[in-house]
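Visitor: return a 3D structure for these sequence lines:
(2 chains)
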Amino acid sequence: MTHFLKIVLRDVSFRMLMWIIGISALTLVVPPAFEGLYGDPAERELLKETLSNPAMVAIVGPVPEGTYTIAVMFVHEMIVFMAIVHGLFGIMIANAVSRKMEDNGLLEYVSSAGFTRGSIFRAQLLIGFIMNIVLGAVIFAGLGLMNIESFDAAGNLLYALGTALFGILFYTFTLVLAQLLPSSDWSFGTALAILLLLYVGRAVTDVINTDYSVAFPYHWLTRMEPFGTDNYVWLLPFAVILLFIWLAWVLFRKRDLDDAYITPDFKGRARKIGSYPRLQLSGMKMLITSWLLGMLLIGLSYGAIFGDLDTFIGDNELLAQAMESDSGTDPILQFISTLMMVTVIVGVIPALMVSARILREEKSGRLEVLASAGISRVHMLITHGVLGTITGAFGLMLSVLGMYAASIGVEGIGLSPGDYMMTALNYAAAVILFTGLSMLATGISRKLSTLIWLYFIYAFFVNYLGLIIGLDDEWRMVTPFYYLAEMPAEEIDWMAWLIVTLIGAALGAAGALLFGRRDIG
Amino acid sequence: MSVLELDGLTKTFGKTVAAKDVSFNIEKGEIFGFIGPNGAGKSTTIRMIIGALTPDSGKILMDGTPVTKDPHYKDKLTYVPGDVNLWGNLTGDEVINFFMKTRGYSNKERKAELIEKFRLDPKKKCKTYSKGNRQKVALISAFLSDAELLIFDEPTSGLDPLMERSFHEEVMRARAEGKSILLSSHILSEVEKLADRLAIIREGEIIETGRLEELRHITRIEYVVQAEGDLGLLKDLPYVHDFTEGEENTHMRVDNDKAAEFLEALHPIGPTHLETLPPRLEDIFMRYYEGRSDES
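Guide: The predicted structure follows:
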């Protein structure tokens, strides 16, 4: 058993290490930054007030009671966001050591070498625990070492434990999905969808009534209130991990390798696939439709809380007036613009996934067969770029339509469907820029193309912090969001829109040309 | 004019020289064998021909034109890799149709004939196919094409002997139609059976090119001998190898270009039975590898 564990660990260790370094860095850069920006308690209280509006509650969770120390502020503003990252880490590695290994025939191979199902499963499980415990230990030690006032050991421990358990939760959940579903694409996609849907679900219940939020693991973390009440009781719901372990084991033990309990099958008559775009579309049908549905759902969820925004403004006229005199725009439009920013950043993901799909063709060696059949590589990469852009833009459109539809009864908004569509169009420029950049990276080299995700995380992070704590705008200057109008609060800035779009298109074109020349495979 | 001409192709990956000064040409209507052990540079060479890799130096000419000057040269070739990955959710039929459409050929009877011949179930999804079945999909697509150069990289590695024979028949048929075939393999008997000419590659370098008969000067022939005298006298001659004494017969391999010397040496021993076995390509390799290990 230990041999199997060792070899699998070695296989994934680099990726694991990168994740652990990345997550702890992302976590640990924040407290000193907060200390620098919000050292003054009075300013923190002010910030706390501005974060109590429903748009912010939807994004980061409800505002905690008690003194808003730097540590409390850190947890409040970061834990839900970081939970997504911890969850993603769990999903990626769990999928890699379970269903992906099985898809590659490795599980079959090692079981033929005498490793029992039990020893394989134990190794898979142990990896999840080891990596999350290591990550938790790094974060615990790091938070302690920074020696920032209000970060006490009990709170540090609770934060580290909570996020580690959240990682394990999604790790074990993915192991269950790996038994249920027929391929690693399915288990990964489903786990990711559930991770994000739970975030959106929590957003709605946090605004409407936090009693319902207990159904969502993100809220367990919020409820722990590390550095505040240090509520260890909220670690208990994570006991559901035990259920997942048991379920994954039973399901794994009872099935044949390469078999699954749920096999979605869309059998039909032979499709007429006569071009590269058609070929790719047929392969990405599930990916694209589920993302489009997800974007619609995000729009509907956010739209559903617009009513609360309106009520909130009615109840806080002073704040509303202050906001209006500050910027000269309707406060509700400012809130919607905030939610819009989050929506757009999420909306970039499918565009990047679709455009990066060409790497799968390359890795599998199909690309060279296609290229030898006279389909030009420039054409193939452009196909992915265009499909990615369309998917991203269409997703934005669906989400703004969702917002409109879900808030149709709210009176104080005053946005027409046309305004919403203009907002989607405005941010489509960001989608084009990201897609173009991804194409450029793909055109330069296969390895470089993963860097686009680092840039994406950077953009997400600085915009997120920009939204909640007003991080200096300089950080955002290398993202398109600095330049594009913050719609719907602002009017569209056509010049900025055109420039961002053109840069994106130029990067994409350069990427396609380079891709036509570089070595593939 | 050669259908394909490689002139001094070199490709390095970091410090590894995957192909060094590779040159050969393939004429119209010939089957050209390309043999060498795993990792010798066969696939690197082929991947330069199909444009997946750009050579560090050297030229590739198709019909006399450098491929860098003819963006449409790929219309003239079709390629089947050794291990084909197909789109898991597409059926074999859909993949074949895709290639027919994109390459613009439409002979449905021929397609049905090939599917029948290779016994492929085209209605199944590619992810359920074994390696051999995936290979059949790619082979059928290739044989359907009207390309003038067919490139096969280890084409029969997943096929059973019966399917291998179907493959051989189709290759012969393609040649009869005037097409040229580049057949890369480490299965020597296959190349020997089919190839008109061949090139042997080892550690990135072409070590021999020519007709099989021409290459025989570097082969060894196995002699089976019975004699009145002591055959042991031959054992230590420099051109005699693998000397083994059996119950009745004594086997030995003799460098083919030293046949005359060998027979002269054998004569005094008084042979009563002399038989030769036809040379095999393995023997070419053996001789090269021994030469190599002597040097090092």
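
Visitor: what does chain A put close to chain B?
Guide: A:183, A:270-276, A:279, A:282-283, A:364-369, A:371-376, A:517-521 (Cβ under 8 Å from any Cβ of the partner chain). For the C-beta atoms, the positions are set from N, CA and C on the backbone; glycine is no exception.

Visitor: change it to 7 Å
Guide: A:270-271, A:273-275, A:279, A:282-283, A:364-366, A:368-369, A:371-375, A:517, A:519-521 (Cβ under 7 Å from any Cβ of the partner chain).

Visitor: what subset of those is buried?
Guide: With burial judged by 16 or more other Cβ atoms under 10 Å in any protein chain shown, the buried subset of these is A:273, A:279, A:283, A:364-366, A:368-369, A:371-375, A:520-521.

Visitor: now intersect those residues with the helices, please.
Guide: If you go by DSSP state H, those have A:279, A:283, A:366, A:368-369, A:371-372 in helices.

Visitor: any idea which element the nearest residue to A:Asn156 once chain neighbours are set aside lies in?
Guide: Once flanking residues are discounted, A:Asn156 sits nearest to A:Leu143: 4.2 Å by Cβ to Cβ, 6 or more residues apart in numbering or on different chains. Using DSSP states H and E, A:Leu143 maps to helix A:117-146.

Visitor: ok, now which ones touch the residue nearest to A:Asn156?
Guide: Shown in contact with A:Leu143 (Cβ atoms under 7 Å, 6 or more residues apart in numbering or on different chains): A:151, A:156, A:159.

Visitor: these two touch, right, the second one and A:Phe140?
Guide: Okay, so that is A:Asn156. Yes: when contacts are counted by Cβ atoms under 7 Å, A:Asn156 is listed as touching A:Phe140 (5.2 Å).

Visitor: mind listing residues that contact whichever strand or helix holds A:Glu45?
Guide: Element membership of A:Glu45, judged by DSSP H and E, is helix A:41-50. Helix A:41-50 has contacts (Cβ under 7 Å, 6+ apart) with A:38, A:63, A:68, A:73, A:469.

Visitor: just the CA coordinates for it, please, in PDB.
Guide: The C-alpha coordinates for helix A:41-50 follow below in PDB (Å, rounded to 0.1, in the frame of the first residue of the first chain):
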ATOM      1  CA  PRO A  41     -10.300  51.000  13.700                       C
ATOM      2  CA  ALA A  42     -12.700  53.900  12.800                       C
ATOM      3  CA  GLU A  43     -12.000  53.300   9.100                       C
ATOM      4  CA  ARG A  44     -12.700  49.600   9.600                       C
ATOM      5  CA  GLU A  45     -16.000  50.300  11.200                       C
ATOM      6  CA  LEU A  46     -16.900  52.500   8.200                       C
ATOM      7  CA  LEU A  47     -15.900  49.800   5.800                       C
ATOM      8  CA  LYS A  48     -18.000  47.300   7.700                       C
ATOM      9  CA  GLU A  49     -21.000  49.600   7.200                       C
ATOM     10  CA  THR A  50     -20.400  49.700   3.500                       C
END
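
Visitor: quick one: distance of the next helix or strand after that helix to the chain centre.
Guide: Using DSSP H and E, the next helix or strand after helix A:41-50 towards the C-terminus is helix A:54-60. The chain centre lies 16 Å from the centre of helix A:54-60; the measure is Cα atoms, centre = their mean, to the nearest Å.

Visitor: what residues sit buried inside helix A:54-60?
Guide: Neighbour count says helix A:54-60 has A:54-60 buried, by 16+ other Cβ under 10 Å.

Visitor: kindly report the same for stretch A:282-289.
Guide: A:283-284, A:287-288.

Visitor: show me which residues of chain B are close to chain A?
Guide: B:47, B:50-54, B:74-75, B:77-79, B:81, B:85, B:87, B:89-91, B:93-94, B:97-99, B:101-103.

Visitor: again, 6 Å this time
Guide: Contact residues, chain B versus chain A (Cβ under 6 Å from any Cβ of the partner chain): B:50, B:52-54, B:74-75, B:79, B:81, B:85, B:87, B:93-94, B:98, B:101, B:103.

Visitor: low pLDDT regions in the chain?
Guide: No chain specified, so I'll use chain A. A:1, A:265-269 (pLDDT under 70).

Visitor: please go with chain B instead
Guide: For chain B (pLDDT under 70), the answer is B:216-218, B:278-296.

Visitor: domains of it?
Guide: For chain B, the structural domains run B:4-215, B:220-278, going by automatic domain parsing.

Visitor: next structured bit after the one helix or strand B:Glu169 maps to?
Guide: Using DSSP H and E, B:Glu169 falls within helix B:161-176. Per DSSP H and E, helix B:161-176 leads on to strand B:180-185 as the next helix or strand towards the C-terminus.

Visitor: from the contact counts, what lies against that following strand?
Guide: Packing contacts for strand B:180-185, counted by 3 or more Cβ pairs under 6 Å, 6 or more residues apart in numbering or on different chains; DSSP states H and E, involve strand B:31-35, strand B:149-153.

Visitor: could you measure from the residue in chain B that chain A sits nearest to over to B:Tyr129?
Guide: Chain A sits closest to B:Lys101 of chain B, with a gap of 3.3 Å, by Cβ to the nearest Cβ. Distance of B:Lys101 to B:Tyr129, computed by Cβ to Cβ, to the nearest Å: 21 Å.

Visitor: over to A:Leu198?
Guide: Taking Cβ to Cβ, one finds A:Leu198 at 37 Å from B:Tyr129.

Visitor: chain A: strands as residue ranges?
Guide: Along chain A, counting by DSSP state E, no stretch forms strands.

Visitor: spell out which residues make up each domain of it.
Guide: A:1-261, A:275-521.

Visitor: A:Glu225 is in contact with A:Val72, correct?
Guide: No: here A:Val72 lies out of contact with A:Glu225, judged by Cβ atoms under 6 Å, at a distance of 7.6 Å.

Visitor: contacts only, for residue 200.
Guide: Since no chain was named, I'll use chain A. Shown in contact with A:Val200 (Cβ atoms under 6 Å, 6 or more residues apart in numbering or on different chains): A:298, A:301.

Visitor: my question was about chain B
Guide: B:35, B:207-208.

Visitor: most neighbours among those, which one?
Guide: Neighbour count (other Cβ atoms under 10 Å in any protein chain shown) singles out B:Ile35 as the most crowded of these, with 25 neighbours.
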